[in-house]
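**Q** from the sequence below, what's the structure:
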Amino acid sequence: MIWDLEPHKVMVVLSVSFLCGILMDMVLQKLVAPGRTKYTVILVTLVTGIFMGAYGMNLHALVCILFGQVLVFAAEYDIATHTVPDYVPVLILLIGLLEVQFAPAMLGLILVPLPFLAAALLKDGSIGGADIKLMGASGFVLGVTRGYVALMLGLLMAVLCQRSFGKEEEKAFALVPYLAFGCMMALLLV
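**A** This next block holds a predicted model:
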C-alpha cells in the first residue's frame with residue numbers, strides 16, 4: 001500500500017511516470033494531428049498513483065502500471081484516429097510476460113476476444129480488428145475471469161456513455177477507451 005512506502009520513493013516513481021506521460025504525449029502528437037490528444041500526462045500519472053496505492057511497489061504493481069500506461073496510449077490514439085497501432089497488442093503481450101502463468105494467460109488470449117470475433121464474423125464492420133487484438137492481448141495479461149470482467153465493464157461503460165452523450169447518427173466510435181477502462185477496473189476489482 002502507498003502509506004507503507006517512503007515518501008521520496010513515491011515521488012520518484014510519480015515523477016518518472018509524469019515524464020513518461022510527457023514523452024507519450026510527444027509521441028502521440030507526432031503520430032496523430034497535433035492538438036488531438038488530451039490529458040495523457042495526467043492519466044498516465046493517475047494510473048501510476050492508483051496502482052501504486054493499491055499494490056505498493058512490487059512486480060504486480062509494475063505490470064499493472066505498464067499495462068495501464070499502454071492502455072492510455074491506445075485509448076488516446078483510438079480517440080484521435082479510430083485505429084490502434086499493431087505494436088500495442090505486442091507491447092501488452094510483452095508486459096504480460098513479466099508475471100506470466102501460462103495456462104491462464106493462454107486461455108485468456110484465446111477465450112477473451114471470442115465474443116468480439118463472433119460479432120465481427122456475424123456482422124461486417126461491427127467490431128474492428130484492433131479491438132479484437134487488444135482484448136486478446138489483454139486477456140493474456142488478465143486471464144479469463146478478469147478478461148471477461150474487463151470486457152463487460154468496458155462494454156457497459158460504452159453503452160452508457162454512447163446512450164448519454166453519443167449522437168444518434170454517429171455509428172462508429174472509439175471503443176478502446178472503454179475497454180481500457182474495463183481492463184484497469186478489472187485489475188483493481190477482481
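
**Q** helices of the chain, start to end?
**A** Per DSSP state H, the chain carries helices over the ranges 7-31, 40-55, 59-81, 87-96, 102-111, 114-122, 129-165, 176-189.

**Q** what's the first one in contact with?
**A** Put plainly, it is helix 7-31. Outside helix 7-31, the residues that touch it by Cβ atoms under 8 Å, 6 or more residues apart in numbering are 2, 35-37, 40-45, 47-49, 52, 57, 65, 69, 72-73, 76-77, 80, 85. Just so you know, the C-beta spots here come from the backbone N, C-alpha and C atoms, and that holds for glycine as well.

**Q** ok, K133 to F165 distance?
**A** Using Cβ to Cβ, to the nearest Å, K133 is found at 27 Å from F165.

**Q** now M157
**A** Remark: distance between M157 and F165 (Cβ to Cβ) = 12 Å.

**Q** and A75, by the same measure?
**A** 16 Å.

**Q** neighbour count winner among those two?
**A** A direct count of neighbours by other Cβ atoms under 10 Å for A75 and F165 places A75 higher, at 23 against 7.

**Q** OK, contacts around that one?
**A** For A75, counting by Cβ under 8 Å, 6+ apart, the contacting residues are 174, 176-177, 180.

**Q** cool, and V88?
**A** By Cβ under 8 Å, 6+ apart, the residues touching V88 are 70, 73-74, 77, 130, 134, 137.

**Q** quick one: which of these is nearest L121?
**A** A130 (16.0 Å; Cβ to Cβ).

**Q** for that closest one, which non-adjacent residue is closest in space?
**A** Once flanking residues are discounted, A130 sits nearest to V84: 3.8 Å by Cβ to Cβ, 6 or more residues apart in numbering.

**Q** per-residue confidence at that neighbour?
**A** You'll see V84 listed with a pLDDT of 94.

**Q** that one and V63, how far apart?
**A** Going from V84 to V63 by Cβ to Cβ gives 20 Å.

**Q** which residue is the nearest non-sequential neighbour of the residue nearest the centre of the chain?
**A** Centroid-nearest residue in the chain: L71, 2.7 Å away (criterion: Cα atoms, centre = their mean). In space, and not counting its chain neighbours, L71 is closest to A180: 3.7 Å by Cβ to Cβ, 6+ apart.

**Q** just the buried ones from the contacts of helix 7-31?
**A** When those are checked for burial by 16 or more other Cβ atoms under 10 Å, the buried set is 2, 37, 40-41, 43-45, 47-49, 52, 65, 69, 72-73, 76-77, 80.
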